[in-house]
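Asks: return a 3D structure for these sequence lines:
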Amino acid sequence: MNDVLTIAVVGAGTMGLGIAQLAIQHGLPTVLFDLNPAALEKAQAAIATGLGRLVEKNKLTPEARDAALARLAATTDMSLVRADLIIEAVVERLDVKHRLFQELATLNGPATILASNTSSLPITQLAAPVPHPERVVGLHFFNPAPLMPLVEVISGVATAPAVADAVEALARRLGKTPVRAADAPGFIVNRVARHYYVESLKIVEEQVAPFEVVDELLEASGFKMGPFRLMDLIGVDTNFSVTNAMFASFHQDAKFRPSRIQQQKVDAGHHGRKTGRGFYIY
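Replies: So this is what the prediction gives:
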C-alpha cells in the first residue's frame, strides 16, 4: 500500500472540518466535500479560525497558516472527491454510508482507501456491498479532532492489513496516537463511554438530580466535562444516534437503552452548541 499523499473528507460538520484542518495543517492537500454550500462556507471559516488560534498561541507561523489554507479545496461537486484516502464523516446511518462509499468507489480506483469516522457502526457491514471491500477501514477521530490525541483504527473482516497499516501510519503523521480496535459495536472508547451518558440520563429521568448538578459533581470529581456539557459539545443528535446504533447492535441490551429525554431534545432541534441550545443555552 502506497503512502497517503492526498486526502478527501466527506461531510463538513464538526468532525469533518476538524479532520480537514488536521490534514492541511500537516501538509496534506485536502478536498472537503459537502452537499450544502452554507455548511462548506461555515466549515472554511471555522478552519481559518482554528488555525488563527494556533498563530495567536505561537504554535503556528502566519506563513504556515496561509500555506495550510492553500491546501484546502472545498467543493459541492462529488466528481472532484478523488484522493489516496477518503474519510467519510456523515450521518450515522448504514444506508447513507453504503450509498456514499459505492459512489466514491465508482469515482476512484481500487487503490483508494475508503475510511469511516463512524463511532459505532461495524466496519464489516459498511464494507460488505462496496467494490474492493479490502480497502475499507475505520478511522475514528474524537472531537475536537485537531486537539484530541487518540484515533481508533478498526479493521473489518475484509480489511487488508496493508490498509490498516497505512491509516495507522497516517494517524502518526498527523500527531495522533493510533490504537487498533476490533470490529465490535462502539469499538473501545464509545463502548466504555456510553455508560457515562446513559447512566447520567437515567439519573435525570428518575429525578435523582438535575442535569446541572450531575455535571457539577462529575467535574468536581475530576472529569474535564460533565456528560451533559459533553453531549452538547459533541452534538446531542450525534450522541443519540450512536446510542441507538449500539442498542441495536447489542440486541436491545438494556444497559444501552436510549433516553427519552435525549429523544425529546433531538425532536425539538436542541442539538447542542451547534444549534445554540441543547441541555444548556449558548
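Asks: next, the buried residues of the longest helix along the chain.
Replies: Ranked by residue count under DSSP state H, the longest helix found in the chain is helix 37-56. The neighbour-count check on helix 37-56 (16 or more other CB atoms under 10 Å) flags Ala39, Leu40, Lys42, Ala43, Gln44, Ala46, Ile47, Gly50, Leu51, Leu54 as buried. Where you see a C-beta, it was placed from the backbone N, CA and C, and this is true even at glycine.
Asks: reformat these as a markdown table; add distance to Leu174 and pLDDT.
Replies: Converted to a markdown table, the buried residues of helix 37-56 look like this (distance: CB to CB, whole Å; pLDDT from 0 to 100):
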| residue | distance to Leu174 | pLDDT |
| --- | --- | --- |
| Ala39 | 23 | 96 |
| Leu40 | 22 | 97 |
| Lys42 | 23 | 96 |
| Ala43 | 18 | 97 |
| Gln44 | 20 | 97 |
| Ala46 | 18 | 97 |
| Ile47 | 15 | 98 |
| Gly50 | 14 | 97 |
| Leu51 | 15 | 97 |
| Leu54 | 14 | 96 |
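Asks: from these, which single one is nearest Thr30?
Replies: Distance to Thr30 across the buried residues of helix 37-56 (CB to CB) is lowest for Ile47, with 9.8 Å.
Asks: got the contact list for that closest one?
Replies: The contact partners of Ile47, taken as CB atoms under 8 Å, 6 or more residues apart in numbering, are Leu17, Ala20, Gln21, Ile24, Leu69, Leu72.
Asks: ok, and the most crowded of those residues?
Replies: Ala20 (32 neighbours; other CB atoms under 10 Å).
Asks: which SS class is it?
Replies: helix (DSSP: H, G, I helix; E, B strand; the rest coil).
Asks: same question, Arg194
Replies: Per three-state DSSP, the local secondary structure of Arg194 is helix.
Asks: isn't it right up against Asp253?
Replies: No - using CB atoms under 8 Å, Arg194 is not in contact with Asp253; the gap is 10.5 Å.
Asks: more crowded one of the two?
Replies: Between Arg194 and Asp253, counted using other CB under 10 Å, the more crowded position is Arg194 (22 against 12).
Asks: quick one: residues contacting the more buried one.
Replies: Arg194 neighbours (CB under 8 Å, 6+ apart): Gly186, Val242, Thr243, Met246, Phe256.
Asks: pick the one among these closest to Ala8.
Replies: Among those, Val242 lies closest to Ala8 (CB to CB), at 23.8 Å.
Asks: which helix or which strand is home to that closest one?
Replies: For Val242, the element it lies in under DSSP states H and E is helix 236-249.
Asks: in stretch 62-75, what counts as buried?
Replies: For stretch 62-75, by 16+ other CB under 10 Å, it's Arg65, Ala68, Leu69, Arg71, Leu72, Ala74.
Asks: and the fifth one, what are its bridge partners?
Replies: Going by DSSP bridges, Leu72 is paired in beta bridges with Thr30.
Asks: per-residue confidence at it?
Replies: According to the prediction, Leu72 has pLDDT 98.
Asks: is it in contact with Ala20, as I believe?
Replies: Yes - the criterion here is CB under 8 Å, and Leu72 meets it with Ala20 at 6.4 Å.
Asks: any common contacting residues for those two?
Replies: Thr30, Leu32, Ile47.
Asks: how many other residues sit next to the first one?
Replies: Residue crowding around Thr30 was assessed by other CB under 10 Å; the count is 25.
Asks: residues contacting it?
Replies: Neighbour list for Thr30: Thr6, Ile7, Ala8, Val9, Ala20, Ala23, Ile24, Arg71, Leu72, Ala73, Ala83 [criterion: CB under 8 Å, 6+ apart].
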